[in-house]
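Q: Give the three-dimensional model of this entry:
(2 chains)
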Amino acid sequence: EPEVTQTPSHQVTQMGQEVILRCVPISNHLYFYWYRQILGQKVEFLVSFYNNEISEKSEIFDDQFSVERPDGSNFTLKIRSTKLEDSAMYFCASSGGGAETQYFGPGTRLLVL
Amino acid sequence: DAKTTQPPSMDCAEGRAANLPCNHSTISGNEYVYWYRQIHSQGPQYIIHGLKNNETNEMASLIITEDRKSSTLILPHATLRDTAVYYCIVIRGGADGLTFGKGTHLIIQP
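A: Numbers count the residues shown, from 1 in each chain, chains lettered A, B, ... in the order given. Okay, here's the model as predicted:
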């Protein structure tokens, strides 16, 4: 069964460093999403991406965040200058579009020291 | 997207049916009801969704009231592995992000 994959599973970084989180969506999907979950809190939507551009973004997704689909398979989230409060699980999701279901990856646990 | 209300926690005995309620009284005609669950800090797992009609798949059944203002997720024979936080989400679809609430923490008791 096709699934969304994410790498790395864990990442530790120093405050102020740039990180890139990678996702491989399900192959025939057209919509891509990033979510985050701070420990003990709700899953929060960050951004959606369709047709090589951002479709929707939340207030959390400020100028330090960016997304890219560098090739036909990967979808990345870049955090330009990490802060302590960026420590969280980051989930990628993809869907076929329309009212189709979003399927989530296993997440990347980011720890900023 | 419409707001949903769920009980914060529920218990269910192993082998019994778990019935998880959700209120979505402000749902619009073009919004779907989706159910996901999250086990520990794993990625949310899709369970089932519906628009107007009741739905069933290999994991669960979804009962939507005729006025669409509430729904119930039914896990017919709960196992210990069904212990998780269950989220009821209303969404139009497309590029819309999912809005997760606090969900219902379902605990299956042996």
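Q: any low-confidence regions in chain A?
A: Applying pLDDT under 70 to chain A flags the ranges A:98.
Q: Contact residues of it facing chain B?
A: Residues of chain A that fall close to chain B, judged by CB under 8 Å from any CB of the partner chain: A:4, A:31, A:33, A:35, A:37, A:39, A:42-50, A:55-56, A:58, A:89, A:91, A:93, A:97-107, A:109. To be clear about C-beta, it is placed using only N, CA and C from the backbone, and glycine gets the same treatment.
Q: Identify the bridge partners of the most centrally placed residue in chain A.
A: The C-alpha lying nearest the average C-alpha coordinate of chain A belongs to residue A:34 (CA atoms, centre = their mean; 3.3 Å). Beta-bridge partners of residue A:34, counted by DSSP bridges, are residue A:47, residue A:92.
Q: And for residue A:54?
A: On the basis of DSSP bridges, residue A:54 is bridged to residue A:49.
Q: what's the residue closest to the geometric middle of chain B?
A: Centrality entry for chain B: nearest residue to the mean C-alpha point is residue B:35, 3.5 Å, by CA atoms, centre = their mean.
Q: List the contacts of it.
A: B:20, B:22, B:46-49, B:60, B:62, B:73, B:86-89 (CB atoms under 8 Å, 6 or more residues apart in numbering or on different chains).
Q: Weed out the non-buried ones from the residues of chain A next to chain B.
A: Buried subset of the residues of chain A next to chain B (neighbour count, 16 or more other CB atoms under 10 Å in any protein chain shown): A:4, A:31, A:33, A:35, A:37, A:43-50, A:55-56, A:58, A:89, A:91, A:93, A:99, A:101-107, A:109.
Q: give me the number of residues near residue 92?
A: In the absence of a named chain, this looks at chain A. Residues near residue A:92, counting by other CB atoms under 10 Å in any protein chain shown, number 28.
Q: um, chain B though
A: Around residue B:92 there are 14 residues (other CB under 10 Å).
Q: For it, give its distance to residue A:104.
A: Residue B:92 is 19 Å from residue A:104, where distance means CB to CB, to the nearest Å.
Q: cool, and residue B:5?
A: 23 Å.
Q: And for residue A:15?
A: Remark: distance between residue A:15 and residue A:104 (CB to CB) = 28 Å.
Q: Sketch out the low-pLDDT regions of chain B for me.
A: Applying pLDDT under 70 to chain B picks out residues B:1-2.
Q: Would you mind listing what in it touches chain A?
A: Counting by CB under 8 Å from any CB, chain B sits next to chain A at B:32, B:34, B:36, B:38, B:41-46, B:49, B:87, B:92-102.
Q: Show the buried residues in the residues you listed.
A: Among the residues of chain B next to chain A, those classed as buried by 16+ other CB under 10 Å are B:32, B:34, B:36, B:38, B:43-44, B:46, B:49, B:87, B:93, B:95-101.
Q: where along the chain do the strands fall?
A: I went with chain A, as the question did not name one. Applying DSSP state E to chain A gives strands spanning A:5-7, A:10-13, A:19-24, A:31-37, A:43-50, A:53-57, A:65-68, A:75-79, A:88-95, A:103-104, A:108-112.
Q: wait, chain B
A: Listed in chain order, the strands found in chain B under DSSP E are B:9-13, B:18-23, B:32-38, B:45-50, B:55-56, B:61-64, B:70-75, B:84-91, B:104-109.
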